[in-house]
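Asks: how does the following fold in three dimensions:
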Amino acid sequence: MRRVLLPIDGTARSLQAVDLIKSLYTPEDVSIVLLMVREDTETMYSEEELQKSKAQLKSTLDAVAGQLPGYPVRKQVVFGRAGDQILECAEQDEIDIIVMTKSTKTGLSQKIGSVAAYVVKYAKCIVMIVPENVSSEKSPGNVLKCRHMDDIVTLSGQMSFRPSSCLLPVQAGKCVYSITVLEGKLRLNHSAYDPDGGTWSAPLQNGQPEHYDLKKGEEREIRLEAGIAFRQLDQIEVVNPSMTSLLKFHYIARFESLDE
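Replies: The predicted structure is shown next:
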């Protein structure tokens with residue numbers, strides 16, 4: 001049985017590696033180590049903060065492991081430089097193959113894509129690079145993609161040529177959005193991927209609400225669980241339902257452990 005190391009960050013792009021493993025190997029062929037690396041430990045000043053961060057990353061690992069039914073999977077969260085930690089894990093676990101994506105997002109998550117060349121150069125085992133599929137990261141049409149965890153967003157009305165909707169940051173697992181409507185009204189849509197149409201229009205399978213409506217002056221904390229369908233993350237979209245009036249709102253996004 002081959003030992004496979006799969007560094008992931010929970011984005012749809014990194015999940016392409018999961019799909020590749022399932023297409024190449026049966027559960028009897030491999031044992032898999034799912035690895036998440038967090039690099040920004042210099043901003044954490046206590047053991048409590050480190051443990052909370054570890055729990056948040058474990059939430060994503062749990063969701064990804066759910067995409068590998070029947071496969072023997074071990075989950076691991078580490079802190080430090082991504083390239084060094086991947087190589088160290090590969091050596092300690094006597095890994096035969098490292099499977100990782102060519103590139104991925106940066107930010108509070110990991111920087112695994114940016115160190116792919118480093119891993120290829122110094123790994124003592126086979127490194128399999130999954131080609132980047134940029135289409136999965138593009139926002140459809142006239143839609144803003146919010147990349148910050150704390151921001152104020154202004155959206156035009158439906159009749160404007162400017163964006164009237166936006167996609168909030170999302171990660172597989174438990175997501176919490178604190179939203180304050182400063183002007184106008186909004187609808188937050190939580191939707192799953194529909195492979196038939198290639199759009200995020202499928203109903204949720206776990207009984208969660210699909211819509212949340214808020215108006216000016218309203219503050220609400222929305223807790224939901226983002227899933228993965230057909231290797232695509234759920235989408236969290238905020239829409240301005242008005243034809244002509246502006247929508248202005250403040251959001252704070254955070255990701256938590258499924259155990260919290």
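Asks: please enumerate the strands of the stretch 51-200 of the chain.
Replies: 73-79, 97-101, 126-130, 143-145, 150-155, 165-167, 173-183, 185-194, 199-202 (DSSP state E, counting those that start in this stretch).
Asks: what is the neighbour count of the spatially closest residue to Arg162 that is not a sequence neighbour?
Replies: Of all residues beyond its chain neighbours, the one nearest Arg162 is Ser156 (4.0 Å), with distances taken as Cβ to Cβ, 6 or more residues apart in numbering. To be clear about C-beta, it is placed using only N, CA and C from the backbone, and glycine gets the same treatment. Per other Cβ atoms under 10 Å, the neighbour tally for Ser156 reads 18.
Asks: okay, the strands of the stretch 51-200 of the chain, which one's buried deepest?
Replies: strand 97-101 (a mean of 23; mean count of other Cβ atoms under 10 Å).
Asks: all helices of the stretch 1-150 of the chain, in order?
Replies: Here the stretch 1-150 of the chain has its helices, by DSSP state H, counting those that start in this stretch, at 16-24, 47-65, 82-92, 116-122.
Asks: list the contacts of Val33.
Replies: 3-6, 73-76, 89, 93, 95 (Cβ atoms under 8 Å, 6 or more residues apart in numbering).
Asks: no, scratch that, I was asking about Lys52
Replies: Per Cβ under 8 Å, 6+ apart, neighbours of Lys52: none.
Asks: low-confidence stretches in the stretch 1-150 of the chain?
Replies: In the predicted model, the stretch 1-150 of the chain carries pLDDT under 70 at residues 10-14, 40-46, 102-114, 131-142.
Asks: now Ala17: how far from Asp96?
Replies: Computed as Cβ to Cβ, to the nearest Å, the Ala17 to Asp96 distance reads 15 Å.
Asks: look at the two and report which has more neighbours.
Replies: Legend: neighbour count by other Cβ under 10 Å for Ala17 and Asp96, higher for Ala17 (23 against 15).
Asks: that one against Val130, yeah?
Replies: Yes - contact criterion Cβ atoms under 8 Å: Ala17 and Val130 qualify, at 5.0 Å.
Asks: overlap in contacts, these two.
Replies: 99-101.
Asks: endpoints of stretch 165-181, how far apart?
Replies: 14 Å (Cα to Cα, to the nearest Å).
Asks: can you check stretch 15-29 too?
Replies: Using Cα to Cα, the two ends of stretch 15-29 sit 20 Å apart.
Asks: list the buried residues of it.
Replies: Using 16 or more other Cβ atoms under 10 Å as the test for burial, stretch 15-29 gives 15-18, 20-22, 25.
Asks: export stretch 230-245 as PDB, just CAs?
Replies: Extracted in PDB, the C-alpha atoms of stretch 230-245 (Å, rounded to 0.1, in the frame of the first residue of the first chain):
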ATOM      1  CA  PHE A 230     -18.600  17.500  -7.000                       C
ATOM      2  CA  ARG A 231     -15.300  19.000  -5.700                       C
ATOM      3  CA  GLN A 232     -16.800  22.500  -5.500                       C
ATOM      4  CA  LEU A 233     -17.300  24.500  -2.400                       C
ATOM      5  CA  ASP A 234     -20.600  26.000  -1.500                       C
ATOM      6  CA  GLN A 235     -21.100  29.600  -2.400                       C
ATOM      7  CA  ILE A 236     -22.100  32.400   0.000                       C
ATOM      8  CA  GLU A 237     -23.600  35.200  -2.100                       C
ATOM      9  CA  VAL A 238     -24.900  38.500  -1.000                       C
ATOM     10  CA  VAL A 239     -27.400  40.100  -3.400                       C
ATOM     11  CA  ASN A 240     -29.000  43.600  -3.500                       C
ATOM     12  CA  PRO A 241     -32.600  42.800  -4.300                       C
ATOM     13  CA  SER A 242     -33.500  46.500  -5.100                       C
ATOM     14  CA  MET A 243     -33.800  47.600  -8.700                       C
ATOM     15  CA  THR A 244     -32.300  51.100  -8.200                       C
ATOM     16  CA  SER A 245     -31.200  51.600  -4.500                       C
END
